[in-house]
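In: the sequence and its predicted three-dimensional model are supplied below.
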Amino acid sequence: MKQKILVTGGCGYIGSHTVVELIKNNFEVLIIDDLSNSNKETISNIQKITGVKPTFYACDLKEIHRVRNILKENKDIEATIHFAAYKAVTSIYYNPRVFGV
Ligand SMILES: O=c1ccn([C@@H]2O[C@H](COP(=O)(O)OP(=O)(O)O[C@H]3O[C@H](CO)[C@H](O)[C@H](O)[C@H]3O)[C@@H](O)[C@H]2O)c(=O)[nH]1
């Protein structure tokens, strides 16, 4: 049976490449991404590359009730790789409150 990995920010640059490698290495992948800096098309691109469509939830991690429900629906998640964040220097500079500064 495939191990299920949750990738937050899995539609982003590093996240989507990680998802492709995980699928190629026989993991089942579930993505949570709020699409704030990415596009849902990434999911179909991942499918084109790997032949597998990862499970996708368009969800902000701050929506705690939704996240709890997703986790309840997927109790078999083995590990989480967390890429969902605003980390570019320009976004930190122009919108420091996002980081609680
Ligand atoms: O609260 C949040 C914040 C972000 N995201 C998502 O998390 C992903 C983050 O991925 P990014 O592409 O924004 O960040 P990366 O670090 O993967 O990639 C960034 O850094 C790279 C170098 O490290 C390149 O410069 C790349 O172009 C640039 O986007 C995005 O899909 C975004 O929508 C969430 O789901 N929730």
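Out: On my side now, so go ahead.
In: up against the ligand, what does this structure have?
Out: Within the chain, the positions adjacent to the ligand are 9, 11-15, 33-38, 61, 83-87 by C-beta under 6 Å from any ligand atom. Where C-beta positions appear, they are placed from N, C-alpha and C, glycine not excepted.
In: tell me the contacts of the residue of the chain found nearest the ligand?
Out: Relative to the ligand, the nearest point of the chain is residue 12 (1.9 Å; C-beta to the nearest ligand atom). Applying C-beta atoms under 8 Å, 6 or more residues apart in numbering to residue 12 gives the contacts 33, 37-38, 83-84.
In: tell me, which helix in the chain spans the most residues?
Out: Across the chain, the helix with the greatest residue count (assigned by DSSP state H) is helix 13-24.
In: tell me what that one is packed against?
Out: strand 4-8, strand 28-33, helix 41-50 (3 or more C-beta pairs under 8 Å, 6 or more residues apart in numbering; DSSP states H and E).
In: which of these sits most buried?
Out: Stretch with highest mean neighbour count among these: strand 28-33 (a mean of 24; mean count of other C-beta atoms under 10 Å).
In: what's that one packed up against?
Out: Looks like strand 28-33 contacts strand 4-8, helix 13-24, strand 55-58, helix 64-73 (3+ C-beta pairs under 8 Å, 6+ apart).
In: want to throw the ones you listed into a markdown table with mean pLDDT?
Out: Output for the helices and strands packed on strand 28-33, formatted as a markdown table (pLDDT from 0 to 100):
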| stretch | mean pLDDT |
| --- | --- |
| strand 4-8 | 98 |
| helix 13-24 | 98 |
| strand 55-58 | 98 |
| helix 64-73 | 98 |
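In: that older thread, restricted to strands, list the contacts of residue 12.
Out: The members of the contacts of residue 12 that map onto strands under DSSP state E are residue 33.
In: most neighbours among the contacts of residue 12, which one?
Out: Neighbour counts for the contacts of residue 12 (other C-beta atoms under 10 Å) peak at residue 33, which has 27 neighbours.
In: in terms of pLDDT, where does the nearest residue to that residue once chain neighbours are set aside sit?
Out: Of all residues not flanking residue 33 in the chain, residue 11 sits nearest, at 4.1 Å (C-beta to C-beta, 6 or more residues apart in numbering). Note on residue 11: pLDDT of 98.
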